[in-house]
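1. I'd like to go over a predicted model; first the sequence, then the structure.
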Amino acid sequence: MAGVRRLGVAVDFSPCSIKALRWTVDNVVKEGDHLILIIVRHPENYEQGEMQLWETTGSPLIPLAEFSDPTLMKRYEMEPKPEVIDIVSTAARQKSIVALMKIYWGDARDKLCEAIDHVPLDYLTMGNRGLGPLQRVIMGSVSNYVVNNATCPVTVVKTSDH
């Protein structure tokens with residue numbers, strides 16, 4: 001993959017992450033890029049099967065043909081939103097890119113930074129949840145953590161609601 005850009009997008013299927021995906025496709029993705037959707041599931045979501053196998057390293061890179069197949073995604077207890085599949089499929093067709101997905105289980109802050117180093121990613125886009133100041137102090141901001149600890153450029157796409 002020498003010379004190929006690996007662009008990551010943190011996706012949790014929320015409106016914020018879908019907006020970040022759409023923004024990345026519209027503004028960053030170029031022909032020949034690899035667009036990698038990074039999914040981080042909460043630890044309580046892995047109890048059996050594929051999740052136990054890939055708990056430490058995350059899933060293998062899953063090609064578009066597999067992550068758009070609901071039967072195959074049941075192995076990971078995932079149901080990607082049709083809107084996400086549509087955005088990625090359209091981008092793959094129109095811009096001649098390779099679309100992949102990688103699933104991690106654990107704390108989003110740590111796993112997103114791990115993905116940057118282990119995939120490895122040249123760039124990461126993520127949405128924000130729009131936490132208020134008090135919530136940010138109590139819960140912490142995933143985007144703030146990733147921006148401050150990532151080893152590649154990170155863009156946070158804000159929603160107009162926040």
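-> Happy to help now that I have it.

2. Dump the C-alpha coordinates for the helix or strand harbouring residue 146 into CSV.
-> With secondary structure defined by DSSP states H and E, residue 146 is part of helix 142-149. Extracted C-alpha coordinates of helix 142-149, given in CSV (Å, rounded to 0.1, in the frame of the first residue of the first chain):
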residue,chain,number,x,y,z
VAL,A,142,-13.3,11.5,23.1
SER,A,143,-12.5,14.0,20.4
ASN,A,144,-10.4,16.2,22.7
TYR,A,145,-8.4,13.2,23.8
VAL,A,146,-7.8,11.9,20.3
VAL,A,147,-6.9,15.3,19.0
ASN,A,148,-4.3,15.7,21.7
ASN,A,149,-2.9,12.1,21.6
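
3. Please name the nearest non-neighbouring residue to residue 58.
-> Nearest residue to residue 58 in three dimensions, chain neighbours excluded: residue 104, at 4.1 Å (CB to CB, 6 or more residues apart in numbering). In this view, the C-beta of every residue, glycine as well, is placed from N, C-alpha and C.

4. about what we covered before: flag every buried residue along the helix holding residue 146.
-> By neighbour count, with 16 or more other CB atoms under 10 Å as the criterion, the buried positions of helix 142-149 are 142-143, 145-146.

5. how close does the residue nearest to residue 58 get to residue 41?
-> Per CB to CB, to the nearest Å, residue 104 is found 7 Å from residue 41.

6. okay, those two: which has more neighbours?
-> More crowded of residue 104 and residue 41, by other CB atoms under 10 Å: residue 104, with 23 against 19.

7. what are the bridge partners for that one, then?
-> residue 40 (DSSP bridges).

8. Residue 157 too?
-> Under the criterion DSSP bridges, residue 157 forms beta bridges with residue 127.

9. So it sits against residue 27, correct?
-> No: the pair residue 157 and residue 27 fails to qualify as a contact (CB atoms under 8 Å) at a distance of 9.4 Å.

10. These two: which is more packed in?
-> Neighbour comparison, residue 157 and residue 27: the larger count goes to residue 157, with 19 against 10 (by other CB under 10 Å).
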